[in-house]
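# 3D model of this:
(one chain, ligands or ions: 1)
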Amino acid sequence: MNNSLTVRLLEKISRMQHSEQSDKKIWGGRFTEKPSSIAEEISESISYDHQLYREDIAGSRAHARMLAAQNIITPEALQNILNGLKQIESEIEAGQMTFLASLEDIHMHIESRLTQLIGDDGKRLHTGRSRNDQVATDTHLYLKKVIKQQSDLLHSLLQCILDLAEKNRHELWAGYTHTQIAQPVRLGHWLMVWFWGFLRDARLLKLVFEETDISPLGAAAMAGANYPIDREMTAHDLGFSEVYQNSMDAVSDRDYQLSYHFFVTRLFLRTSRLCEDLILYSTAEFGYVKMGDAVTTGSSIMPQKKNPDIAELLRGKSGRVTGNFMALLVNLKSLPMTYNRDLQEDKVYLFDSVEQVNQALLGLNEILKNIQFFPEKVKLNLNRGFAQATDIADYLVKEYKLPFRETHEIAGRLVALAESQQTTLDKLSPVDIKSVVPEGIVLPADLFEVEKSPERKNGTGSVNKEAINKQILSAREKLKSMFT
Ligand code: ARG
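Reported below is the predicted structural model:
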């Protein structure tokens, strides 16, 4: 993909050269003066919508074939158009197309080059079409392609997380609430949190695909065309499942992009939370994980440093993509029917977010591929955080039939005692324990071992070994059925 900054520079240079081709506007009939150079700068979208050239050419091919099938253009004109489009495609691919701000957008670039190449037949291509349905068609096609690619990337990420969870499924891990130690869990369980979330994102992406899979082509400016066009034919040719049933809706709808941005934002919220956990857990204070050299960087002054920059950037980018979503929401708010030029901006937000998602999905994969876990350090902190306190309270309910509020109090006293001795619950002496529990109560030693805690948990979705095995099994099935 071309770097838009390079294109912008190229385009600035080209604008100074001012070719004859670009001075004559496609829409210039009723104008006597040229737009000012600042107007051209504001107007142009070629610096980013050049990315749509493949879709634009595909849309033009389908439109031309339909025009010929409906006897709106001759078979010879169609052949010329198809030959011309083929040449333009290879010119763009070879980097031979000069992008000019004066030619505004990718649609005008292709059309004007076509006319240069084949003459009058090039001028017939736009019969019964407007740039309003053209750009909408291009963007729908582009997003459909992107969704397919990103769905594959999500699939790989899900597989990576699931394999990692399976491999480490029974290792001890810490569960937090309020960033304070809560209860012992298992590493596989913490990893599967991300699996289930990203699986929901994959499902959401499928819904976004459905909303995107509709053809606006043939809506023309917004009222349809004055020719016997066949919208179903172009839709079928381009691989769309259906056509917009309302021409005004077709050119003004950006719901499919809003839905995509919601997907992106939700995916990035999750990404930022995962990265946050990893950043926290890789500190010397936690020491639960170590990220590989491939995804960390050093400091220019502090030789000891290994900073989690990639995770930090992915966390930071969640702000950026949320901004893109907000920008489109605000752009669309109160916009009158139907097409307004404001809508051109949609692609700025869309292209950027698409790029960020690609980076995030590949980046997370890379981070997780290189990660190391340290359950021994987790065990230390579980003890420091008195993570077995709930188990003690529950044991007294189950074995001695005491009311929970009372056993909560007793366990709390044990915690206070350990804290006052600057020790952990597993290090309390039997004499000390006896001094705070009611007469006749005996607490077995393994109740104080944090690693024994997860196995006491019951029910679907809990952290005993059997439940985790089942969870992973059901995840494998769900993953398979989602991606077949
Ligand atoms: N570059 C424009 C866009 O992206 C194409 C549509 C222009 N339509 C118009 N009526 N000026 O929205």
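# now the strands: where do they sit in the stretch 201-350 of the chain?
214-215, 242-243, 289-290 (DSSP state E, counting those that start in this stretch).
# which residues of the chain score low on pLDDT?
The model of the chain has pLDDT under 70 over residues 1-23.
# buried set for the longest helix that it contains?
As assigned by DSSP state H, the longest helix anywhere in the chain is helix 131-167. The neighbour-count check on helix 131-167 (16 or more other Cβ atoms under 10 Å) flags 131-144, 146-147, 150-151, 153-155, 157-158, 160-162, 164-166 as buried. (Each C-beta comes from the backbone N, C-alpha and C, glycine too.)
# What of stretch 436-450?
436, 437, 443, 447, 448, 449, 450.
# could you list every residue that touches the residue of the stretch 251-400 of the chain found nearest the ligand?
Relative to the ligand, the nearest point of the stretch 251-400 of the chain is residue 344 (3.5 Å; Cβ to the nearest ligand atom). Contact analysis of residue 344 by Cβ atoms under 8 Å, 6 or more residues apart in numbering lists 45, 105, 135.
# The nearest residue to the first one once chain neighbours are set aside: neighbouring residues, count only.
The reference is to residue 45. Among residues not flanking residue 45 along the chain, residue 105 sits closest, at 4.6 Å (Cβ to Cβ, 6 or more residues apart in numbering). Residue 105 sits with 25 neighbouring residues when counted by other Cβ atoms under 10 Å.
# which parts of the stretch 201-350 of the chain sit against the ligand?
339, 341, 343, 344 (Cβ under 6 Å from any ligand atom).
# Not counting sequence-adjacent ones, nearest residue to the third one?
It refers to residue 343. residue 254 (6.8 Å).
# Contacts only, for residue 435.
residue 417.
# State whether residue 183 is indeed within a strand.
Yes. Assignment of residue 183 by DSSP: H, G, I helix; E, B strand; the rest coil places it within a strand.
# Over to the nearest residue to it once chain neighbours are set aside: give its phi and psi.
Excluding its sequence neighbours, the residue lying closest to residue 183 (Cβ to Cβ, 6+ apart) is residue 175, at 4.9 Å. Note on residue 175: backbone dihedrals following degrees, to the nearest 10 are phi -100, psi 140.
# wait, doesn't residue 175 sit right on residue 193?
No. With contact defined as Cβ atoms under 8 Å, residue 175 and residue 193 do not form a contacting pair (10.1 Å).
# the strands in the stretch 351-484 of the chain, which residues?
372-373.
# repeat for the stretch 51-200 of the chain
172-177, 180-186.
# Between its first and last residues, how far does stretch 31-44 reach?
Distance across stretch 31-44, first residue to last, is 18 Å (Cα to Cα, to the nearest Å).
# Can I get stretch 98-108 in CSV? Just the C-alpha atoms.
What follows is stretch 98-108, C-alpha atoms only, in CSV (Å, rounded to 0.1, in the frame of the first residue of the first chain):
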residue,chain,number,x,y,z
THR,A,98,0.7,10.6,-11.8
PHE,A,99,-1.7,11.7,-9.1
LEU,A,100,-2.9,15.3,-9.4
ALA,A,101,-4.8,17.3,-6.9
SER,A,102,-6.6,19.0,-9.7
LEU,A,103,-8.1,15.7,-10.7
GLU,A,104,-9.6,15.4,-7.2
ASP,A,105,-10.1,11.7,-6.7
ILE,A,106,-9.4,8.2,-8.0
HIS,A,107,-12.6,8.2,-10.1
MET,A,108,-11.6,11.3,-12.1
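# Tell me the spacing between residue 261 and residue 352.
11 Å (Cβ to Cβ, to the nearest Å).
# Please read the previous query as pertaining to residue 249.
26 Å.
# What does residue 229 show for phi and psi?
Per degrees, to the nearest 10, the backbone of residue 229 is at phi -80, psi 160.
# returning to that earlier point: for the residues of the stretch 201-350 of the chain next to the ligand, give me TSV that also has distance to residue 407.
Below are those laid out as TSV (distance: Cβ to Cβ, whole Å):
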residue	distance to residue 407
339	68
341	68
343	63
344	66
